[in-house]
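here's a sequence, model it:
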Amino acid sequence: MTALAPFRSRPAHVPVPSTVRREDVGDAAWFGLLRDGVLRPLWQDVAVRADLAETPELRARGLSPLVPTRAVVGRASAAWVHVGGPLPARVDLLFAPGSRRTDPHPLRTAAEAHLSPGDAQPIGPVRVTSVQRTGLDVARSEPPARAAPLLAALRGVGFDPLLALDELARLGPARGVRRARTVLTDCARAAPG
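Next up is the predicted model:
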């Protein structure tokens, strides 16, 4: 008579990747993994493994399905990638002037922007505006009440509002410059010297 293998009442451990998309596991597994604390929500239908600290790379990975290779994540979305905080409702994408933009999608916006070589950097699988460029763009594009806390958070990772004011002076009478000057001046005054 042959001996039977011992019965295992628990399934073998299955490693969970650092980020998981709802579409990759199905609704039942998605909600089960969230309920059991294996995953925690990151952005939209992307979750991060619960035992991992949220990093810029993980946040960038969460946005990556919406970011074409020719685009750069910018504005408030780039601030979220750099420092976390309030989730962006949509991903702000920047494209070189005259280049083909992306197809419309309810979870992303597209704008043209001149980016110097140092204005974008790879973070995870996407390119994101640098902390300095992000702060300048946030000051120009966001209402002051929303821009102020984002700029304060960016200051914690290297944003310099005085340098941004100098860069702003070179822009001349461009869109959002007057508003940005006020917000950046307030940020510089509030920041420790």
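
so who does the residue nearest the centre of the chain touch?
Relative to the mean C-alpha position of the chain, the nearest C-alpha, by Cα atoms, centre = their mean, is the one of Val81, at 2.8 Å. Contacts here follow Cβ atoms under 8 Å, 6 or more residues apart in numbering; on that basis Val81 touches Pro56, Arg59, Ala60, Leu63, Val73, Ile123, Val128. C-betas here are computed from N, CA, C, even on glycine.

which of these ranks first by neighbour count?
Val73 (30 neighbours; other Cβ atoms under 10 Å).

returning to that earlier point: regarding the residue nearest to the centre of the chain, what is its secondary structure?
helix (DSSP: H, G, I helix; E, B strand; the rest coil).

just to be sure, Ala174 is in a strand?
No - for Ala174, which was evaluated using three-state DSSP, the result is coil, with no strand membership.

quick check: which element contains the closest residue to it other than its chain neighbours?
Once its chain neighbours are removed from consideration, Ala174 has its nearest residue in Arg140; the separation is 7.7 Å (Cβ to Cβ, 6 or more residues apart in numbering). Mapping Arg140 onto the secondary structure by DSSP states H and E places it in helix 131-141.

what is the next helix or strand after that helix packed up against?
If you walk from helix 131-141 toward the C-terminus, the next helix or strand you reach (DSSP H and E) is helix 144-155. When contacts are defined as 3 or more Cβ pairs under 8 Å, 6 or more residues apart in numbering; DSSP states H and E, helix 144-155 sits against helix 75-83, helix 131-141, helix 177-190.
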